[in-house]
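J.: just to be clear, the model below is a prediction. Sequence and coordinates:
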Amino acid sequence: MGILKFLVWTVCAVALGIFLAKGNIDGRSPLDHMEKAWKRATRPTQMDKMKDGVDRVKGGLEDAFEDAKDAVGRKTEGAPRERITAEDREAVNRLIAQKK
């Protein structure tokens, strides 16, 4: 059984290798497609760099626009709520008057 599994896996690996080297997808082999993708990922062209930069700026502008829209649309709160009672205020005023 072990020999049979080994032979099946070997045949599958060889068939995959042949397909990658000789197969035809859009007029080129899959290996050519992988090499081109690798080159783009490791050494992007000037156009790819510009496209990435434009996407970054566009994303930043969209974020700024959303933040501005949220800030403008937010309802402002009224005056802060008074937490000091009238008695406390009178006591503080008396203390201030004594120090003067």
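T.: Good, I have the coordinates. Numbers count the residues shown, from 1 in each chain.

J.: shouldn't Arg83 be within a helix?
T.: No. Counting by DSSP: H, G, I helix; E, B strand; the rest coil, Arg83 falls outside a helix, being coil.

J.: so what's it scoring on pLDDT?
T.: Per-residue confidence for Arg83 comes out at a pLDDT of 81.

J.: residues touching Ile25, list them.
T.: Residues near Ile25 by C-beta atoms under 8 Å, 6 or more residues apart in numbering: His33. Backbone N, C-alpha and C define where each C-beta goes, glycine included.

J.: ok, now with 10 Å
T.: With contacts defined as C-beta atoms under 10 Å, 6 or more residues apart in numbering, the neighbours of Ile25 are Phe19, Asp32, His33.

J.: kindly report the same for Asn24.
T.: Applying C-beta under 10 Å, 6+ apart, we find Asn24 in contact with Pro30.

J.: got any ranges where this protein has weak pLDDT?
T.: Counting by pLDDT under 70, the low-confidence segments of the chain come to 76-80.

J.: remind me, longest helix of it?
T.: Ordering each helix of the chain by length in residues (DSSP state H) puts helix 46-73 first.

J.: and the contacts of Ile25, which is closest to Glu82?
T.: Of all these, His33 has the smallest distance to Glu82: 71.3 Å, by C-beta to C-beta.
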